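1. Give me coordinates for this.
(one chain, ligands or ions: 1)
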Amino acid sequence: MKIAIVCYPTFGGSGVVATELGIALAERGHEVHFVTYRQPVRLELLNNNIHFHEVHVPEYPLFHYQPYELALSSKLVDTIKNHEIELLHVHYAIPHAYAGYMAKKMLQVEGIFIPMITTLHGTDITLVGNHPNYKPAVTFSINKSDIVTSVSESLKQQTLEFFETDKEIEVIPNFIDIKKYPQDYTDCQRSMMANEDERILTHISNFRKVKRIPDVVKIFYEVQKEIPAKLIMVGEGPEKEHAEQLCADLGISDKVLFLGNSTEIDRILCFTDLFLLPSASESFGLAALEAMINRVAVISSNVGGIPEVNKHGVTGFLSDVGNVEEMAKNALHILKSDKVLEEFKQNAYEQATKFDILNILPLYEEVYESAYRSRFKNTY
Ligand code: GMT
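-> The predicted model follows:
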């Protein structure tokens, strides 16, 4: 099938899922065309089956805001026509589903019927999309998508609760590609990061408020009081400076490494013992899943889709948002004993294998086939 994928090309989870999905589809023989404003960060190789079309927004002084949606929908029309694309898959409703629908309508006038699948990723529903400034457009885009998928059962329920829609929403969880991970656990040169007797805790995110970065630091603060430990903070975002200041105030700057954005996530996770994800909201928690497939236990909040991934008392522990004390206590329970740590690490790995792309890709392919079959009866 010839598929156009629209996504954010950044380090965020939705962009990662879209990119990895496109790569896997290409490996299965589909022809995949990414349409976005920059080559996605995890998309290293282009080949006969993977193409990238850059959306360029020409600057014009009259425009206070440059119209990305307009440029995207025009680029989609051209790409779909020039490459005889059969299906459009947009990741993240804002503004992709909206621009996708406009492209669909423009093509319809020319007798081209293109089915559109919209995958909801989280903040497009729970934070941004729910804002009164966007809600009518997001509701419209959901209702006008031919098929809507969400990355967790929790996100599906939230969508039905927040938006006026009777659209069927299919849950297709985030995934990892097991074959990319080493089967035999080695210690991954952890000596580069910590002394032998130190445990390594890691947090990876875009350092937005929703990630509750101060909680990450406070959990670690409690842990390092009792056992030798290091905290690795990976990512960039608005809360980073505040976190660095908090570490200085607590006198733990020498134990916390801020690495910035990284394309070597798996190397970092390979020498990590415990992953911290105390988010205020999280539709799935792809970062936790990526930690788990690297045999890392998880201390997280119990919101959104996280309980569908991190299993309480098995792969880690879940607590109410903001309950730093309990999160630190649970972290210490896992970290204090080699034996307990090994058990949690192994359980985390086993749970993660359920989300192997081999189990998830066919679900997307089924959705594509169904949307393509009914393309002439599509939602207009
Ligand atoms: O976590 C983020 O802030 C990035 C965000 C995104 O939109 O790229 O991630 C969302 O989508 C991921 C992929 O489906 C999910 O695994 C994340 O849980 C979700 N983030 C939130 O809901 C906060």
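2. What residues does residue 295 make contact with?
-> 185, 345, 346, 348, 349 (Cβ atoms under 8 Å, 6 or more residues apart in numbering). C-beta: built from backbone N, CA, C; applies to glycine.
3. roughly how far apart are it and residue 204?
-> Going from residue 295 to residue 204 by Cβ to Cβ, to the nearest Å gives 16 Å.
4. Over to residue 286?
-> 10 Å.
5. Can I get the helix or strand bottoming out on mean pLDDT in the chain in PDB? Just the C-alpha atoms.
-> Taking mean pLDDT, DSSP states H and E as the measure, the helix or strand of the chain with the lowest value is helix 123-126, at a mean of 84. Extracted in PDB, the C-alpha atoms of helix 123-126 (Å, rounded to 0.1, in the frame of the first residue of the first chain):
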ATOM      1  CA  THR A 123      -2.000  15.800  24.900                       C
ATOM      2  CA  ASP A 124      -3.900  16.500  21.600                       C
ATOM      3  CA  ILE A 125      -6.900  15.300  23.700                       C
ATOM      4  CA  THR A 126      -6.100  15.800  27.400                       C
END
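6. so residue 35 makes contact with residue 6?
-> Yes - the pair residue 35 / residue 6 is scored as a contact, 5.2 Å apart, by Cβ atoms under 8 Å.
7. With neighbour numbers in mind, choose between the two.
-> Legend: neighbour count by other Cβ atoms under 10 Å for residue 35 and residue 6, higher for residue 6 (29 against 26).
8. What's opposite that one in the beta bridge?
-> Taking DSSP bridges, one obtains residue 35, residue 90 as the residues bridged to residue 6.
9. Now do the contacts for it.
-> 18, 34-36, 72, 76, 88-91, 96, 99-100.
10. what about whichever residue of the stretch 101-250 of the chain sits closest to the ligand, neighbour count?
-> Nearest residue of the stretch 101-250 of the chain to the ligand, counting by Cβ to the nearest ligand atom: residue 122, 2.5 Å away. By the criterion of other Cβ under 10 Å, residue 122 has 29 neighbours.
11. Backbone dihedrals for the spatially closest residue to it that is not a sequence neighbour, please?
-> Excluding the flanking residues, the one nearest residue 122 by Cβ to Cβ, 6 or more residues apart in numbering is residue 283, at 3.0 Å. Dihedral angles of residue 283 (phi, psi; degrees, to the nearest 10) stand at phi -70, psi -30.
12. likewise residue 375?
-> According to degrees, to the nearest 10, residue 375 has phi -60, psi -30.
13. got it, and residue 203?
-> The phi and psi values for residue 203, taken as degrees, to the nearest 10, are phi -130, psi 140.
14. That one - how many residues pack around it?
-> 28.
15. and it, what is it in contact with?
-> If you count contacts by Cβ under 8 Å, 6+ apart, residue 203 has them with 211, 213, 216, 231, 232, 233, 234, 235, 275, 276, 277.
16. how does it look with 6 Å?
-> Applying Cβ atoms under 6 Å, 6 or more residues apart in numbering, we find residue 203 in contact with 216, 233, 276.
17. Which positions in stretch 228-248 come out as buried?
-> 229-235, 237, 239-240, 243, 246-247 (16 or more other Cβ atoms under 10 Å).
18. The stretch 251-380 of the chain: helices as residue ranges?
-> Secondary structure of the stretch 251-380 of the chain (DSSP state H, counting those that start in this stretch): helices located at 265-270, 286-293, 324-335, 338-353, 357-373.
19. which one of the ones you listed is the most hemmed in?
-> Most buried of those, by mean neighbour count (mean count of other Cβ atoms under 10 Å): helix 286-293, with a mean of 26.
20. Show me what it is packed against.
-> Using 3 or more Cβ pairs under 6 Å, 6 or more residues apart in numbering; DSSP states H and E as the contact test, the elements touching helix 286-293 are helix 338-353.
21. tell me the angle of the helix it packs on relative to helix 357-373?
-> Per axes from the mean of the first three to the mean of the last three Cα atoms, to 10 degrees, the angle that helix 338-353 makes with helix 357-373 is 20 degrees.
22. Need the contact partners of helix 338-353.
-> Contacts of helix 338-353 (Cβ under 6 Å, 6+ apart): 289, 292, 293, 295, 297, 311, 314, 315, 334.
23. As a markdown table, these with distance to residue 341 and pLDDT would be great.
-> Listed next are these as a markdown table, based on distance: Cβ to Cβ, whole Å; pLDDT from 0 to 100:
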| residue | distance to residue 341 | pLDDT |
| --- | --- | --- |
| 289 | 19 | 98 |
| 292 | 14 | 97 |
| 293 | 17 | 96 |
| 295 | 10 | 95 |
| 297 | 7 | 98 |
| 311 | 16 | 98 |
| 314 | 14 | 98 |
| 315 | 12 | 98 |
| 334 | 6 | 98 |
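24. Between which two of the buried residues of stretch 228-248 is the distance greatest?
-> The two members of the buried residues of stretch 228-248 with the most space between them (Cβ to Cβ) are 229 and 237, at 23.3 Å.
25. Domains of the chain: list them as residue ranges, please.
-> Domain assignment for the chain by automatic domain parsing gives 2-175+357-373, 179-353.
26. count of neighbours near the closest residue to residue 287 other than its chain neighbours?
-> Closest residue to residue 287 apart from its sequence neighbours, by Cβ to Cβ, 6+ apart: residue 204 at 4.9 Å. Other residues near residue 204 come to 26 when the count uses other Cβ under 10 Å.
27. again, but for residue 273
-> Counted with other Cβ under 10 Å, residues neighbouring residue 273 total 22.
28. try the one 5 residues further on
-> Neighbour count for residue 278, taken as other Cβ under 10 Å: 26.
29. and the residue nearest to it when sequence neighbours are not counted, how many neighbours?
-> Once flanking residues are discounted, residue 278 sits nearest to residue 215: 4.1 Å by Cβ to Cβ, 6+ apart. Number of residues near residue 215 (other Cβ under 10 Å) recorded here: 23.
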